[in-house]
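*Asks:* Okay, structure incoming, though there's no sequence with it:
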């Protein structure tokens with residue numbers, strides 16, 4: 001099997017990415033804006049230098065998955081922190097290396113921008129996803145510690 005084609009998305013891909021994010025949220029029964037609303041937002045987001053989307057496509061140019069990342073400044077190093085906000089592969093195409101190709105390209109892209117760390121939030125019950133990231137060198141235990149890191153959130157709007 002050949003490696004999936006993964007490229008950086010542009011604002012012209014905003015509605016494709018928006019549709020994929022809508023599909024992702026729908027698959028996991030998460031409250032979601034419409035695909036069109038996501039498309040409108042990605043039109044703006046993809047024009048920003050601190051936002052990037054890696055987009056996987058099949059040989060016919062049809063989208064098969066995406067990774068959405070943000071970069072933010074930090075006083076802990078000279079480069080930004082990268083956050084993998086979302087990573088999604090169409091359900092029927094999983095276990096074909098698309099997720100690995102997306103993650104590999106995402107890491108290369110943020111490293112080329114000087115990022116010093118990539119953060120990923122994963123639900124504790126999502127064992128397969130946790131195993132995927134751990135297989136790729138991610139951990140929820142900070143180096144030198146013996147306890148897990150947790151993520152807390154509070155909705156503001």
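*Replies:* Arrived safely, thanks for sending. The shown structure was predicted, so the numbers you read here are calculated from the model rather than taken from an experiment.
*Asks:* Isn't residue 129 up against residue 120?
*Replies:* No: proximity of residue 129 to residue 120 does not meet the contact threshold set by CB atoms under 8 Å, at 9.0 Å. Where C-beta positions appear, they are placed from N, C-alpha and C, glycine not excepted.
*Asks:* Of those two, give the one with the bigger neighbour count.
*Replies:* A direct count of neighbours by other CB atoms under 10 Å for residue 129 and residue 120 places residue 120 higher, at 20 against 14.
*Asks:* Could you double-check that residue 91 sits in contact with residue 27?
*Replies:* Yes: judged on CB under 8 Å, residue 91 makes contact with residue 27 at a distance of 6.6 Å.
*Asks:* Which element, helix or strand, includes residue 16?
*Replies:* Assigned by DSSP states H and E, residue 16 falls within helix 14-27.
*Asks:* I'd like the average pLDDT over the very next helix or strand once past that helix.
*Replies:* Downstream of helix 14-27, the next assigned helix or strand under DSSP H and E is helix 35-45. Average pLDDT, helix 35-45: 98.
*Asks:* Check which residues of helix 35-45 are buried.
*Replies:* By 16 or more other CB atoms under 10 Å, the buried positions in helix 35-45 come out as 35, 38-39, 42-43, 45.
*Asks:* where exactly do the helices run in the chain?
*Replies:* Taking DSSP state H, the helices of the chain run over residues 14-27, 35-45, 98-112, 127-135.
*Asks:* Distance to residue 56 added to the ones you listed, as JSON lines?
*Replies:* Formatted as JSON lines, these follow (distance: least, CB to CB, whole Å):
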{"stretch": "helix 14-27", "distance to residue 56": "10"}
{"stretch": "helix 35-45", "distance to residue 56": "16"}
{"stretch": "helix 98-112", "distance to residue 56": "5"}
{"stretch": "helix 127-135", "distance to residue 56": "15"}
